[in-house]
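Q: Mind folding the following:
(2 chains)
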Amino acid sequence: MPLLLARAYVSRGARLWLITRALVSGAFLYLGTNPLRLSAVAVVGIVVLSVVLGFVETYGRRERVFLANLALRPIFLSALFAAPAMIGEVALRVVGAAL
Amino acid sequence: MQPILAAECVVKSFGQCRVLTSATLRAVPGELRVFFGRNGSGKSTLLKIAAGWLSPDSGAIHFAGRVYLSVRLAELAAAGLFYLPDHDFLSGAFTIRRQLEMIRAQFDGGDVVEAADQLEISTHLDKRPFELSGGERRRAELAAVLVRQPLCLLADEPYRGIAPKDAEDLTRIFSGFATSGMAVVLTGHEVPTLLDAADHVSWCTSGTTYELGSPASARLNPTFRQEYLGEWSHQDHMPLFDSSRLTR
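A: As a prediction, this is how the structure comes out:
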């Protein structure tokens, strides 16, 4: 997969993860839970939500045909959206454990 | 010459509504084929099925020597198909240059700047598609085709929203693609322009397709004339605009 394509969609995934994480963290803070020490289920949920939002944005921008013409299958797109979310969650977990 | 792409005996229904009963689409290298049909006749549905964008209820897709009962566009695109849908193809999220570069990098395609020069969009390369007019967007999409250099191009209503002069320019570009050996299939309602450029005419009506042959044969087909061409067929080569009828 070309770097240019991967970079474009990984940065979109990163932006969506940041928004999702900020909203979810806000909700957990409101409920009195430390957002840096979430359960594995919650973390997986955030990653899945980031991927779903990535697809929603891609559908909304009508990029599906463009990506299919690039021979890019949805599974690869999922990986591009999931990668920054997973890296971010691991980083937050490390930070949470250190604090 | 053998078709590189053939969608054979395609049947498709949406709920209770049967759109295609037995339709066929063929794309032959070096030929510009045109699909005519009234709105709602199933042209776009057939093109989507041939491109792997929509699954048929039954029928088979043959592409580049392989037969598929169910196939995705991504798979056909990897094998050399390019599909232009009946809506804007390029994303508003990235510049034209970036999107053309993505295509070039993915397929080791042609030069982006050269393609832009050829389609006269060099000055728009660093703009996003929504900053361009309809005609310029169509040219940018065709620049994507030039960069991709596919074996087969399916373009659904590529003339939508553009001026007649731009339509003529686009037709010349499509003809150029066919001359270079690409298999090109278009749909549209721009009868005079398309009939002048086409190598082969197909007609989609009542859920099925008819191969009318050359544009000359198509013009002589009485049912096609009566049911699709209508008044236009009686006014061959009549100028669309007669300046002598203007009054001051």
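Q: Which residues of chain A lie near chain B?
A: Contact residues (Cβ under 8 Å from any Cβ of the partner chain) of chain A with chain B: A:1-5, A:8, A:12, A:61-63, A:65-73. From N, CA and C alone the C-beta is placed, and that goes for glycine too.
Q: are any of these buried, and which?
A: Buried subset of these (neighbour count, 16 or more other Cβ atoms under 10 Å in any protein chain shown): A:2, A:4-5, A:8, A:12, A:63, A:65-73.
Q: What about residue 16, how many residues nearby?
A: Looking at chain A here, since you left the chain open. Neighbourhood size, A:L16 [other Cβ atoms under 10 Å in any protein chain shown]: 22.
Q: Oops, wrong one, chain B.
A: B:Q16, neighbours per other Cβ under 10 Å, totals 5.
Q: In contact with it, which residues?
A: Neighbour list for B:Q16: empty [criterion: Cβ atoms under 8 Å, 6 or more residues apart in numbering or on different chains].
Q: returning to that earlier point: quick one: which of the residues of chain A next to chain B sit in helices?
A: A:L3, A:L4, A:L5, A:A8, A:R12, A:V65, A:F66, A:L67, A:A68, A:N69 (DSSP state H).
Q: doesn't A:V94 make contact with A:R37?
A: No. Using Cβ atoms under 8 Å, A:R37 is not in contact with A:V94; the gap is 11.5 Å.
Q: Wait, B:T187 touches B:F174, no?
A: No. Taking Cβ under 8 Å as the definition, B:T187 is not a contact partner of B:F174, at 11.8 Å.
Q: and A:N34, helix, strand or coil?
A: Three-state call for A:N34 (DSSP: H, G, I helix; E, B strand; the rest coil): coil.
Q: check contacts around it.
A: So A:N34 contacts A:F28, A:G96 (Cβ under 8 Å, 6+ apart).
Q: Quick check: it vs chain B, distance?
A: Distance, A:N34 to chain B, by Cβ to the nearest Cβ, to the nearest Å: 35 Å.
Q: quick one, phi psi at that residue?
A: Per-residue torsions, A:N34: phi -70, psi 120 (degrees, to the nearest 10).
Q: How about the secondary structure of B:C204?
A: Classification of B:C204 using three-state DSSP returns strand.
Q: Check A:R37 too.
A: Going by three-state DSSP: A:R37 is coil.
Q: mind checking pLDDT for it?
A: Looking at A:R37, its pLDDT is 87.
Q: how about the nearest residue to it, chain neighbours excluded?
A: Nearest residue to A:R37, sequence neighbours excluded (Cβ to Cβ, 6 or more residues apart in numbering or on different chains): A:G96, at 4.8 Å.
Q: ok now do the one you found, which residues does it touch?
A: A:G96 sits next to A:N34, A:L36, A:R37 when contact means Cβ under 8 Å, 6+ apart.
Q: Next: B:T205.
A: The neighbours of B:T205, taking Cβ under 8 Å, 6+ apart as the test, are B:G37, B:R38, B:S41, B:E227, B:Y228.
Q: Secondary structure element holding the residue of chain B found nearest chain A?
A: Nearest to chain A in chain B, going by Cβ to the nearest Cβ, is B:A105, at a distance of 3.4 Å. Following DSSP states H and E, one finds B:A105 within helix B:96-107.
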